[in-house]
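Chemist: predicted structure and sequence below. I'll ask about it afterward.
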Amino acid sequence: MEYKPVLQTLKRIGSWIVFPLLSVGDIVGRKTGRNMPRLTLAALGIYLYIYVLGSTGVFNGYVMHIINLSLIYVALAASLNLINGITGQFSLGHMGFAAVGAYVSGTFTTLLFKLNPSVPGAYLVFVGAIVAGGVAAALMGVLIGFPSLRLKGDYLAIVTLGFGEIIRTILNNISYVGGPRGLLGIPKFSNFTIIFAAAFLTILVIRNLVHSSHGRAFLAIRENELAAELAGIDTTRYKVLSFAIGAGFAGVAGGLFAHLLQMAHPTQYGFMGSVMVLIMVYAGGVGSLTGSIIAAFSLTFLSEGLRGVLDGLGELTNLPLGDLRMVIYALLLILIMLFRTEGLMGNKESKLLMLPEDKR
Amino acid sequence: MKRALLIVATVLAVFGIFGCAQGGGEIKIGGVGPVTGEAATFGVSTKMGCQMAVDEWNAAGGLLGKQIKLIYADDKGEPAEGATVWNKLIQQDKVVAIVGTVMSKVSLAGAPISQAAGIPMISPTSTNTKVTEVGDYIFRACFIDPFQGTVGAKFAWDDLGARKAAAIFDVGNDYTKGLSEAFRDKFLALGGEMVAFEAHPTGATDFKAQLTKIVQAMPDVVYVSDYYNDVALIAKQIRELGYTGPLVGGDGWDSPELTAIGGAAVENGFFTNHYSKDDTRPVVKEFVAKFKAKFGSEPDALATLAYDAMYLMLTGIKQAGSTEGAKIKDALAGISLDVVSGRVQFDASRNPVKSAVIIEIKGGQQVYRTTVNP
């Protein structure tokens, strides 16, 4: 793989697929005065772009794997952003919801139906299992929402932290799903197409939600809960709703994650996992979906890119630079937060993710 | 949007430059271990072991007339990172084989990728039986969990002359549970009697309730399959309750911390391990001396098993006479080789059939006691 032809192919495919689609979206968007066609076609363009590069081998399996992981993180970060950024609640147990989704969908595909990816129709059952995982996670969001959402700030953070740990401990003790060994032998169903679709759907739903009357209620709660309540907003109901939706999408992401790695292990869904997603939300910008997308991609690619760069530099200088990867990664995070305290995007949104009349 | 695409393209270009520097006359072997994270010391030891084997082979003229290049990657002890690393080594670096990794859960994330790509892998230290069940390209260099329990029971019956045994284990940890169950099964099969079989919860620090029951049953030997920190506490508490007989355990005991915490209480303790640095076989003596000269420290079990795994892999490639995955796999399946941790042959499920050593805690030191064959 040489570097020049890669760039050329990138350009060529870009000019064939992405830009025509974008301009069609632009025209339709301008005619109808709406942003949806633009957003959908832009997403379609990006999807086709990466898909073509992946299937022609310009992006090898490694790059595609990182893209898949990034997209799963997009869904996780965006759904946490709904809870933390848009509704202004502080959840520290997001991976707990992802674990519910992973284990429920994994139980369906692996233990109950013993699906084989090569059997026709198996894919539909898999999609059903992912949805079931999302629904189970959403129910779990409601379940912990009712008793705990009367709490605020730090207290809520501690409750959600405890919830994440409880999920992990319960999974450790159910031998039906493998206990401390993890749920193994999950068939590999997740591919770029379904992961992209799920990430896009997450973004789309949350974007539309923010611009609906429900979304206004979420934002009102974030800005001033007391004032929102005085204005007649049932704050508990909306907080539970926000938790349920965020948890549901986290569950979907968790299910796709398990079917990508072909296993689910309780330790994957611990506190550190939740913190990783939290970092993405804050590094991207609280309340900005664009920020969550950019942060999910750049942090995942950064972690892997540093591996390549440091190994390369280490080989040139004959120093063990590769061992410093996580140190440099952490340093870069600190620098981002020092110099852009509001996150990469602040609370700005890409034009694509706003309503046309919503220009800021 | 255009700017975003440009950024993505730049990132990928950086990848391309550093990821794709192709070496000509080299055979690339991947190594994986957790160099950072909770099991970082394991990953560092594993890296040393792999590096030493590769350097030795390169000094002796390489492999199939080419030099060997070890590409070692960090998996952080996390399954997700493991899957990424496996994809990188196979797709990006185009390695012909992989030696890794330490933790079973991470090996289980990498194994399906190896199997699907037809790249043979040997895990040096993943003891979970499920790892090699993933497929016929997956091997391991260490014995599996149940084997240690079996060896422990045999040792207790033959060498210690025990006829009544008791066991205590962590109910939330498959490793200690599996060891204790295997011990019980073998001990009963030998004609012995299990007078107590007690579970304790994960994270417990007070074991008096279970230990009182065990001591009252008056066993000749107590099997303690926990990790060293729990073992030290259990040993202290059981000695306080008046038990003076031998304690037997598995490779979870292998840490200097055991005697540091346990002190005199862990004396008269024995555990099964992969190898002992005091073993008198020439191959062991030579390895320990060379390792000390190279890294300035004594090799632990992880470095030894990584060295063995790499040695097995390189021998497999040499015997196959090719870097094709399918041929290497077949060569490995038929291999029979004397390595540091014993003579290795693979059984039908690609687990090594090899001996274990028994180490005794004597005067605060780990002393080689005997070698037990399966």
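Modeler: Yep, it's here.
Chemist: who are the contact partners of the spatially most central residue of chain A?
Modeler: Nearest to the mean C-alpha position of chain A, by Cα atoms, centre = their mean, lies A:Ala75 at 2.1 Å. Shown in contact with A:Ala75 (Cβ atoms under 8 Å, 6 or more residues apart in numbering or on different chains): A:198-199, A:202, A:249-250, A:252-253, A:256. From N, CA and C alone the C-beta is placed, and that goes for glycine too.
Chemist: closest one to A:Ala137 out of the residues you listed, please.
Modeler: Of all the contacts of A:Ala75, A:Ala250 has the smallest distance to A:Ala137: 5.9 Å, by Cβ to Cβ.
Chemist: residues contacting the closest one?
Modeler: Neighbour list for A:Ala250: A:75-76, A:79-80, A:94-95, A:97-98, A:101, A:137 [criterion: Cβ under 8 Å, 6+ apart].
Chemist: give me that answer again for 6 Å
Modeler: Counting by Cβ atoms under 6 Å, 6 or more residues apart in numbering or on different chains, A:Ala250 touches A:76, A:79, A:94, A:97-98, A:137.
Chemist: again with A:Gly305
Modeler: By Cβ under 6 Å, 6+ apart, A:Gly305 has no neighbours at all.
Chemist: please, which helix or strand holds it?
Modeler: Counting by DSSP states H and E, the element that carries A:Gly305 is helix A:289-317.
Chemist: mind listing what's buried in that helix?
Modeler: For helix A:289-317, the neighbour count (16 or more other Cβ atoms under 10 Å in any protein chain shown) marks A:289-312 as buried.
Chemist: which stretches of the stretch 251-374 of chain B have low pLDDT?
Modeler: B:374 (pLDDT under 70).
Chemist: just give the nearest non-adjacent residue to the residue of it found nearest chain A, would you?
Modeler: Residue nearest to chain A within the stretch 251-374 of chain B (Cβ to the nearest Cβ): B:Phe295, separated by 13.1 Å. Nearest residue to B:Phe295 in three dimensions, chain neighbours excluded: B:Met48, at 5.5 Å (Cβ to Cβ, 6 or more residues apart in numbering or on different chains).
Chemist: what's the spacing between the one you found and A:Leu149?
Modeler: Per Cβ to Cβ, to the nearest Å, B:Met48 is found 51 Å from A:Leu149.
Chemist: swap in A:Val327?
Modeler: 38 Å.
Chemist: which of those two has more residues huddled nearby?
Modeler: Of the pair A:Val327 and A:Leu149, A:Leu149 is the one with more neighbours under other Cβ atoms under 10 Å in any protein chain shown, namely 22 against 11.
Chemist: count the neighbours of B:Leu190 for me.
Modeler: B:Leu190 sits with 15 neighbouring residues when counted by other Cβ under 10 Å.
Chemist: tell me the pLDDT of it.
Modeler: B:Leu190 carries a pLDDT value of 93.
Chemist: likewise for the one 4 residues further on?
Modeler: In the predicted model, B:Met194 carries a pLDDT score of 94.
Chemist: contacts (any at all) between chain A and the helix or strand hosting it?
Modeler: According to DSSP H and E, B:Met194 maps onto strand B:193-200. No. Strand B:193-200 does not reach chain A (Cβ under 6 Å from any Cβ of the partner chain); its nearest approach is 12.4 Å.
Chemist: thought A:Asn347 was touching A:Gly291?
Modeler: No. Using Cβ atoms under 6 Å, A:Asn347 is not in contact with A:Gly291; the gap is 8.0 Å.
Chemist: does B:Leu70 belong to a helix, a strand or coil?
Modeler: Here B:Leu70 is strand, with the state taken from DSSP: H, G, I helix; E, B strand; the rest coil.
Chemist: need the residues of chain A near chain B, please.
Modeler: Proximity of chain A to chain B (Cβ under 6 Å from any Cβ) is limited to residues A:1, A:3, A:6, A:10, A:60-62, A:65, A:172, A:180-182, A:184, A:261-263, A:265, A:268, A:301, A:308-309, A:312, A:323, A:326.
Chemist: with that, I have no additional questions.
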